[in-house]
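Asks: 3D model of this:
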Amino acid sequence: MRALAWHGRHDVRVDTVDDPEIVNKRDAIIKVTSTAICGSDLHLYDGYIPTMKAGDILGHEFMGEVVETGPGSTLQKGQRVVVPFTIACGSCFHCGKQQYSACDNGNPADNQDIAETLYGQPMSGLFGYSHMTGGYAGGQAEYVRVPYSDVGPIVIPDGVDDDKVLFLSDILPTGWQAAENADIEPGDTVAVWGCGPVGLFAVQSAFLMGAARVIAIDHFPKRLELARRFGAETINFEETATYDALMQMTGGIGPDACIDSVGLEAHGLFVDNVIDQIKKSTFLGTDRIHSIRQAIVACRKGGRVSMPAVYGGIVDKFPLGAFMEKGLTLKTGQTHVQRYLPGLLNAIMEGKIDTTFLISHRMPLEQAPEAYRMFHDEQNDVTKIVLKPGMAVPAPAAA
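Replies: The predicted structure follows:
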């Protein structure tokens, strides 16, 4: 089959690789019909996430048709399913609490020592996201093996277009959990850092949960315009000092809740961000954490901070004093996708949540390397790229 493989920093290639096979009785094989590039994939593309190996197949946002099942799978051939990016067994201590992204068994035992060394305890398994999270082949491919297929995938009704439900795999439930972790109360003012896919879904979710005002912060004009479509007020941090603007907009109190949807590759010519970049380039640091620093400093006293954004390493200059003295609460973590799928699918079917607005490009899987470059370099114009295995590559334009 054809699949997108990682070969190093800014080096991804569509290779011919072996077809996946049933390994365990609860497995299923999915023929991928749609797969998307996630902002988290860019952390792999930029070389920030450790334990990647040349030839690893990328992709954790995908859906498709069931073509083969093990005897323990509850899926049936021919069903269309969306697959969560988190791999969970459904029966361990954490799965029993619906904390699926903390599953003890989704990450194979021979890979758990890596994350345990870095983080104190092993992470759950994730599709296409390094050997620290299981070394699983991802879904930016023609076919993919889905472990624990009786727990994760959700069956999609006939007649529902892929574009409407694909983002159930990750970014929609991630945006929803981000808003849920912010403990939004009716009438709250919520600030969202980053108007990428997760941030935009967090904006939608915050309003659905009762926020009176949502303030979206970014520097890409088209992404800020998308946030305004959902009723958000906006701040362009290249034109306005974010902290000062938030204080003015909230009467000096600060937002009730702050959501960091940016993560370890924060943009902007800020002193702390420049220092972080220098440390990263000289191997003295890993993450650029300007957005979470700013969220903590701007949040009102007694407020809540939600951090769906991905961070990978040990950081410094963290405003711990402000965090403690202001009495803030911080909630974070990979998304418990399986917990949210039924409710979010219903919300899509009832027209309460729109996902299709986000898609800016649809491209053949064979053009995935160019799609990654575009998503990395042209973020004002490229909001979300959906890759379609089997889609014909467009003929070159006539001279």
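Asks: next, give phi and psi for Ala206.
Replies: Main-chain torsions, Ala206, degrees, to the nearest 10: phi -60, psi -40.
Asks: ok, and the closest non-adjacent residue to the spatially most central residue of the chain?
Replies: Nearest to the mean C-alpha position of the chain, by C-alpha atoms, centre = their mean, lies Ile171 at 4.9 Å. Ranked by C-beta to C-beta, 6 or more residues apart in numbering and with sequence neighbours excluded, the top spatial neighbour of Ile171 is Pro197, at 4.5 Å. For the C-beta atoms, the positions are set from N, CA and C on the backbone; glycine is no exception.
Asks: ok, now Gly199?
Replies: Ser261 (3.6 Å).
Asks: what's the local residue count around that neighbour?
Replies: Ser261 has 31 neighbours, counted by other C-beta atoms under 10 Å.
Asks: so who does it touch?
Replies: If a contact means C-beta atoms under 8 Å, 6 or more residues apart in numbering, then Ser261 has Gly175, Ala178, Val192, Trp193, Gly194, Cys195, Gly196, Val198, Gly199, Ala202, Pro308, Ala309 as its contacts.
Asks: show me these that map onto strands.
Replies: Secondary structure defined by DSSP state E assigns Val192, Trp193 of those to strands.
Asks: of the contacts of Ser261, buried ones?
Replies: In these, burial by neighbour count holds for Gly175, Ala178, Val192, Trp193, Gly194, Cys195, Gly196, Val198, Gly199, Ala202, Pro308, Ala309, counting by 16 or more other C-beta atoms under 10 Å.
Asks: dump the residues you listed to JSON lines, plus pLDDT and distance to Asp381.
Replies: Compiled in JSON lines, these are given as follows (pLDDT from 0 to 100; distance: C-beta to C-beta, whole Å):
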{"residue": "Gly175", "pLDDT": "97", "distance to Asp381": "21"}
{"residue": "Ala178", "pLDDT": "97", "distance to Asp381": "25"}
{"residue": "Val192", "pLDDT": "98", "distance to Asp381": "21"}
{"residue": "Trp193", "pLDDT": "97", "distance to Asp381": "21"}
{"residue": "Gly194", "pLDDT": "95", "distance to Asp381": "17"}
{"residue": "Cys195", "pLDDT": "95", "distance to Asp381": "13"}
{"residue": "Gly196", "pLDDT": "93", "distance to Asp381": "13"}
{"residue": "Val198", "pLDDT": "95", "distance to Asp381": "19"}
{"residue": "Gly199", "pLDDT": "96", "distance to Asp381": "17"}
{"residue": "Ala202", "pLDDT": "97", "distance to Asp381": "22"}
{"residue": "Pro308", "pLDDT": "93", "distance to Asp381": "24"}
{"residue": "Ala309", "pLDDT": "86", "distance to Asp381": "22"}
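Asks: how about stretch 387-399: buried residues?
Replies: Using 16+ other C-beta under 10 Å as the test for burial, stretch 387-399 gives Leu387, Lys388, Pro389.
Asks: kindly apply the preceding question to stretch 45-52 instead.
Replies: Tyr45, Tyr48, Ile49, Met52.
Asks: how long is it end to end?
Replies: End-to-end span of stretch 45-52 (C-alpha to C-alpha, to the nearest Å): 10 Å.
Asks: could I get the average pLDDT for that stretch?
Replies: Predicted confidence along stretch 45-52 averages 89 (mean pLDDT).
Asks: same question for stretch 23-32.
Replies: 98.
Asks: would you mind putting the CA coordinates of that stretch into CSV?
Replies: Below are the C-alpha coordinates for stretch 23-32, written out as CSV (Å, rounded to 0.1, in the frame of the first residue of the first chain):
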residue,chain,number,x,y,z
VAL,A,23,-2.4,-9.1,14.9
ASN,A,24,-4.7,-9.4,17.8
LYS,A,25,-8.3,-10.7,17.9
ARG,A,26,-9.7,-7.3,18.7
ASP,A,27,-8.1,-5.7,15.7
ALA,A,28,-9.8,-4.3,12.6
ILE,A,29,-8.3,-3.2,9.2
ILE,A,30,-9.7,0.1,7.9
LYS,A,31,-9.5,1.2,4.3
VAL,A,32,-8.9,4.9,4.8
